[in-house]
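Enquirer: using only what follows, build the 3D model:
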Amino acid sequence: MNTIAFYNNKGGVGKTTTAINVANELAEKHRILVIDLDGQANSSRFFAEPKAGLETALVKKNFTPDVAHSNTRYPNIDVLTSTSALNLVNAQFEQLSDEEQTANIRKVLSYGSRYDYVLLDLPPALTKITEKVITLCDCVYVPIELSTFAIQGIPTVTGALTNCNAQFGGCIVNKFDKENPSDNELLELLKSMLGNKVLKTTVPFSRVIKNSFSFRLTAKEYMKWTAAATAFENLAAEIIERTENGI
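Expert: Modelled structure (predicted):
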């Protein structure tokens with residue numbers, strides 16, 4: 001089992017679309033569990049009907065996340081769904097001892113022990129729950145939409161990962177416009193800051209991604225011949241390579 005989290009402290013950078021499309025690609029050869037830890041429940045609604053229970057598993061020792069489990073229309077993808085109730089338990093989680101917090105997060109992660117990959121869609125907030133999750137995951141990928149402010153904010157994100165002793169897998173550039181000189185300049189700046197921690201695959205700016213999500217389809221299902229669909233295929237392959245090589 002490999003546990004991979006998608007996190008950024010900024011919303012709207014493509015965490016959910018990345019998690020969904022990477023899950024779809026990995027599921028061609030692997031068993032996948034998606035854990036939606038964002039109270040917005042966008043990943044949950046994409047894959048299934050959201051069910052409560054995950055939030056209770058995070059704060060109660062003997063409560064398992066089984067009730068939040070759903071099969072999906074994808075044979076090799078299951079999901080632990082969230083609801084808005086997840087937004088209400090952070091204060092209760094903070095009141096637990098460090099040992100109890102760790103045990104509850106491990107319990108949720110270990111639910112994926114029968115899967116090859118566990119993908120976690122995290123909220124754009126560094127709550128105590130998020131901190132514990134990224135500490136205990138095998139690696140954390142940071143989706144980013146290029147802008148001056150986003151680049152300036154990267155040290156804050158990577159610093160938070162360092163403070164949590166999290167394994168930084170790399171930065172995934174989303175909504176990349178290769179015809180825009182500014183995007184190309186910002187990409188080079190990001191590479192100068194992070195080196196090989198910037199993934200080679202960039203996900204292009206594309207209506208395909210936005211439209212596919214509206215129809216609850218992955219980019220490959222919606223228009224598999226497009227650059228957007230190919231990008232997620234390449235991204236999943238690169239994540240597997242990095243996972244196997246410990247990059």
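Enquirer: what does stretch 185-194 rub up against?
Expert: 144, 146-148, 151, 154-155, 158, 170-171, 173, 176, 198, 202 (Cβ atoms under 8 Å, 6 or more residues apart in numbering). Just so you know, the C-beta spots here come from the backbone N, C-alpha and C atoms, and that holds for glycine as well.
Enquirer: what residues of it count as buried?
Expert: Across stretch 185-194, burial judged by 16 or more other Cβ atoms under 10 Å covers 186-187, 190, 194.
Enquirer: elements contacting the top helix by length along the chain?
Expert: Using DSSP state H to define each element, the chain has its longest helix at helix 227-245. Helix 227-245 sits against strand 2-6, helix 15-26, strand 139-145, strand 168-176, strand 198-204, helix 207-214, helix 219-223, with contacts defined as 3 or more Cβ pairs under 8 Å, 6 or more residues apart in numbering; DSSP states H and E.
Enquirer: tell me which of the ones you listed sits most buried.
Expert: Among the helices and strands packed on helix 227-245, ranked by average contacts under mean count of other Cβ atoms under 10 Å, first place goes to helix 15-26 (a mean of 25).
Enquirer: angle of the very next helix or strand once past that helix against helix 15-26?
Expert: Using DSSP states H and E, the helix or strand that follows helix 15-26 in sequence is strand 32-36. In terms of direction (axes from the mean of the first three to the mean of the last three Cα atoms, to 10 degrees), strand 32-36 departs from helix 15-26 by 170 degrees.
Enquirer: show me what strand 32-36 is in contact with.
Expert: Residues outside strand 32-36 that contact it (Cβ under 8 Å, 6+ apart) are 19-20, 23, 26, 42-44, 47, 50, 54, 76-82, 108-109, 111-112, 115-121.
Enquirer: now which of these would you call buried?
Expert: 19-20, 23, 26, 42-44, 47, 50, 54, 76-82, 108-109, 111-112, 115-121.
Enquirer: including secondary structure and distance to residue 132, could the buried residues of stretch 185-194 go into a markdown table?
Expert: Below are the buried residues of stretch 185-194 laid out as a markdown table (DSSP: H, G, I helix; E, B strand; the rest coil; distance: Cβ to Cβ, whole Å):
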| residue | secondary structure | distance to residue 132 |
| --- | --- | --- |
| 186 | helix | 32 |
| 187 | helix | 32 |
| 190 | helix | 28 |
| 194 | helix | 24 |
